[in-house]
Each structure stands twice: as C-alpha cells, then as structure tokens.
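Participant: Next comes the sequence, and after it the predicted model I'd like to discuss.
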Amino acid sequence: MFSGFDFDVIWRSLPYLFWDGMSFTLMLTALSALGGLVLGTLLALMRLSNMRVLGAIATGYVNLMRSLPLVLVIFWFYFLVPYLGQMITGSERPLVVGAFSSALITFTLFEAAYFSEIMRAGIQSIPKGQVSAGYALGLTYRQVTGYIVLPQALRNMLPVILTQTIVLFQDTSLVYVLSITDFLGAASKVAQRDGRLIEMYLFAALVYFLISFAASRLVRALQAKTAIIR
Amino acid sequence: MTYNWNWGIFWEMSPEATGTYLDMLLMGLRWTIATALLAWVVALFFGSIVGVMRTLPGRTVSIIASAYVEFFRNIPLLVQLFLWYFVLPELLPKTAGMWLKQLPNAPFWTGAIGVGLYMSARIAEQLRAGIKSLPRGQAMAGTALGLTTVQTYRYVLLPMAFRIIMPPLTSEALNTVKNTSVALTIGLMELTARARAMQEFSFQVFEAFTAATILYLLLNAVVVFGMRRLEKSIAVPGYIAGK
C-alpha cells in the first residue's frame, strides 16, 4: 500500500509547512481565541444585564452567528470587511484588507458567539449570594463583575474554553476556501504542485490529530487539577 | 466607489441557463437538505453503535470505540473530507478506486458520508453520556430479570437514553446541516457554494449571501421545530421535560 509512498516530499516541504503554514494557523488560533473570549465575555455580560436593548442585541447576534455555517460567515466577512473599513475610516474606496486580518476579524467575531455562551454558563454558575455580598460591601457593578464574578467564571469554564479553542484550531483550516496559506493551505499547495495528494493530506491529518489529541489530553489533566473542591 | 444594490437580481436568468438566480439558490438548498439527511442517518447509525460500545464492560470493545471517537474528533472535518475524496480511492485496490472515482455525484456521497462519520463521533459521546446518566440500578434490574445484554440495551437503557439526550441531539442535527457546507471544498454545489457562484457570476455579493443566510435560518427553524415536536411526543412522564 505504501510502496509508491514518497516520504521525501514531506521532508522537503517541512520548513514551508511549519514556518509559513503552521505559524499562520497557530497565530490565528491564539489571537482569535483571545479576541473571541474578550468579545464573548462582553456579549455574555450584555445578555445578563438589566438593560433589555443590550440583551436583545447580544442574543440576536449570538443566535445569528450560531445558526450559520462557518464557511458562509467566512465568505460574508471576506467581502464585508473592506466595506465596513471604508465606512469606519470614511475613505473613498473599500479598504484593502490582508488575508490574515480578514481571517482574524472573521474568527474573532464568529467565535465570540460561542465563547459568550460558555461565559454565560460560567457567570450563571456563580451563587447569587456572592454578588449580593459584593453590593452589600459597597462595591460597584464594575468591581463585583471584575473582582468576584469573572475570575471565578473564567476559572470554572477554563477547560471548556480550552476545548473550544481546540475546535477553533481545527476550524481555522476552513480559511482554505479563501486560498490562504495556513497549515492545510500549505499542504494542499505542495500536494498540487508535486502531485502528491496522498502523502500531503495524510501528513496534514496526522499533524492535526497529534496536536488536537495532545491538547485535549492536557485539558483533561488541567481539568482534574483546577477543579475546585467544594 | 459604493456598492450597487440590486435586489431584483434573484429574478434574472443565471448564466447556467437553467433558471433564475433564485432557482439556482433553491437547487443548492435541496442539495444541502439531501446531504444533511443522509449525513444524519449515517451519524445516528454509527453514533449509536459506537456510543453503546463505549459503555460495554468489555475492554477491547471500548478501546476500539474510543479510538474511533478520537480519530473523528481530532482531525478537522475539511481534512477528513479530503482524505475520503482524494486519498481513499488511491489506497484502495485499483478497480475499487476507479469505481469510487467514477461514481456519479461523488461529491454528494463523499460529503454526506464524510460529514455523517464526523458527526457520528459526537453523537456517540452524547449517547454514552445519556446511558451513563441512567441510574445503574436500571441495568442491574435488567440483568436480575434475566434479560441478555442486548435485551437490556434494547428494552431498558436505549429507550431512556435517547429521550434524555434529545436536546443535545437537536443541536447536533443543526451542526450536521451547517457542516454540509464544508463539502463545497470537494465540489458539492450546496447552498453556500451556489451563493458563492451567484456572487461570481453577478457581482451581487451581499444579496447572494443575504439570501443564503435567510435560507439557512429557515432550515434551522424547521429542524428545531421538528426536533421539539419529536422531543415532546416521546418525553418520559415524571421527568422535568415530561408532561
């Protein structure tokens, strides 16, 4: 089965695959996870706030994002971001946005919806008495949220957040539809250039598997370690 | 330069000359639905088998099942579809590979089965959680009554477990619909691909994607409505979800 297998093509393209491809994938994953978490936390706070309008906006946004396929959202933002940029900066033509920025904006906005649901669950898992106690001590909303609610919510939800980040890591492969050179994009370019589809796609699958598998094991270990004993 | 809106575009003929742009999108919707339905059947079938295997006492069986789940969960769906579509035919014996490649509608079959297998790992995990959530007395009672393992699962555990996991199954059904869009990378002309094609032909980007968005939202609504109806009709009396 592997008699015609060309391991050399993998070996030759390793620097390209990892320096160009994997660094893009990892950078995109890390930055959009961070951005998504911040934005998602804001969305969750909006949703749980007493202000009806804010709650409705956040709920609408989260539900819309969660009911669309990521591929469609990637296309949407790819075309929409230049016009949004034009609107914001007031320039005469649609802004030229690089591949990385476009992907980063897309994934941040898309993942924010998912992270917001995670953070909402985390915030709602904090006993109400703690919030009341905070207010009774004279803390403001900002202080109660920043010092009491969010640190605990984040800690409780850390394993879920990291698991979602692993999902995000796999999902970034979908930038393939924009012909961006992420890890899979790089593998696919080499595959097509050298006519080595089998080797490159199997290798890509193996790399994705090893990273995701190892990361999910780490998350599980972390989960056992950080669990708060009640 | 500003964007020229033209909502009348949907009633113009598409260059494929098989109808208007609207017909083109609706055709895509039909492929999305067909792919999602077949994928859902595949996912439920394999998901149920693997989910049950993960709860069986035998060590070998549960190792095989968890390897299955890890394989499908840790490789991106897009890469899995590439493996099935580009790699598998080459690794098979020549005649089988040729047969696979020449299959009519190959992107549809590969996409549907690929998405189905990917989703089956998630369903297996849900089902395992459902079975584990049952009091262990239920399985013991089955054994005490003289039921075989197969009978215990068929008459006691599975009917309860499937009803308990109805809410997560609903969101997995929605995920299945959404994931069919990844199959556009292997050439399946489903809804997102048609919207993209419409954008390329007509340059009306936002009209095309708005229409696709609305169609996806409608499809989601139908799935949620159907699953809720089913959930209500099979809810177990005496549980919070029951009557």
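Facilitator: Cool, the structure landed.

Participant: least trustworthy helix or strand in the chain by mean pLDDT?
Facilitator: Looking at chain A here, since you left the chain open. helix A:7-15 (a mean of 85; mean pLDDT, DSSP states H and E).

Participant: sorry, should have said chain B
Facilitator: In chain B, no helix or strand scores lower on mean pLDDT, DSSP H and E than helix B:94-101, which sits at a mean of 85.

Participant: Would the least confident helix or strand of chain A count as contacting chain B?
Facilitator: No. Helix A:7-15 stays clear of chain B (C-beta under 8 Å from any C-beta of the partner chain), getting no nearer than 14.0 Å. In short, each C-beta sits where N, CA and C put it, glycine included.

Participant: For chain A, which residues are neighbours of chain B?
Facilitator: Going by C-beta under 8 Å from any C-beta, the residues of chain A near chain B are A:1, A:64, A:67-72, A:75-76, A:79-80, A:83, A:92-94, A:170-171, A:173-174, A:176-177, A:184, A:188, A:197-198, A:201-202, A:204-205, A:208-209, A:212-213, A:216.

Participant: Name the SS class of A:Gly138, please.
Facilitator: Classification of A:Gly138 by DSSP: H, G, I helix; E, B strand; the rest coil places it in coil.

Participant: burial count for it?
Facilitator: By the criterion of other C-beta atoms under 10 Å in any protein chain shown, A:Gly138 has 7 neighbours.

Participant: and the helix or strand following the least confident helix or strand of chain B, does that touch chain A?
Facilitator: Using DSSP states H and E, the helix or strand that follows helix B:94-101 in sequence is helix B:106-132. No. With C-beta under 8 Å from any C-beta as the criterion, chain A is not reached by helix B:106-132; the gap is at least 10.5 Å.

Participant: what's next to whichever helix or strand comes after helix B:106-132, contact-wise?
Facilitator: Going down the chain from helix B:106-132, the next helix or strand is helix B:136-144, by DSSP H and E. Contacts with helix B:136-144, where a contact means C-beta atoms under 8 Å, 6 or more residues apart in numbering or on different chains, come from B:151-152, B:155-157, B:160.

Participant: please redo it, this time with the cut-off set to 10 Å
Facilitator: With contact meaning C-beta atoms under 10 Å, 6 or more residues apart in numbering or on different chains, helix B:136-144 is reached by B:55, B:131, B:135, B:147-149, B:151-157, B:160-161.

Participant: Next step: the residues you listed restricted to helices.
Facilitator: Per DSSP state H, helices hold the following members of the contacts of helix B:136-144: B:55, B:131, B:149, B:151, B:160-161.

Participant: could you dump these to a markdown table with pLDDT?
Facilitator: Below are these laid out as a markdown table (pLDDT from 0 to 100):
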| residue | pLDDT |
| --- | --- |
| B:Thr55 | 93 |
| B:Ile131 | 95 |
| B:Thr149 | 93 |
| B:Gln151 | 95 |
| B:Met160 | 92 |
| B:Ala161 | 94 |
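
Participant: Filter those down to just the buried residues.
Facilitator: Burial by neighbour count, judged by 16 or more other C-beta atoms under 10 Å in any protein chain shown, picks out B:55, B:131, B:160-161 from these.

Participant: Name the nearest of these relative to chain A.
Facilitator: Minimum distance to chain A across these is 19.1 Å, recorded for B:Thr55 (C-beta to the nearest C-beta).

Participant: residue contacts, that closest one?
Facilitator: Residues near B:Thr55 by C-beta under 10 Å, 6+ apart: B:61-62, B:65, B:127-132, B:134, B:139, B:153, B:157, B:161.

Participant: Recalculate using a threshold of 7 Å.
Facilitator: Remark: with contacts taken as C-beta atoms under 7 Å, 6 or more residues apart in numbering or on different chains, B:Thr55 is in contact with B:128, B:131-132.
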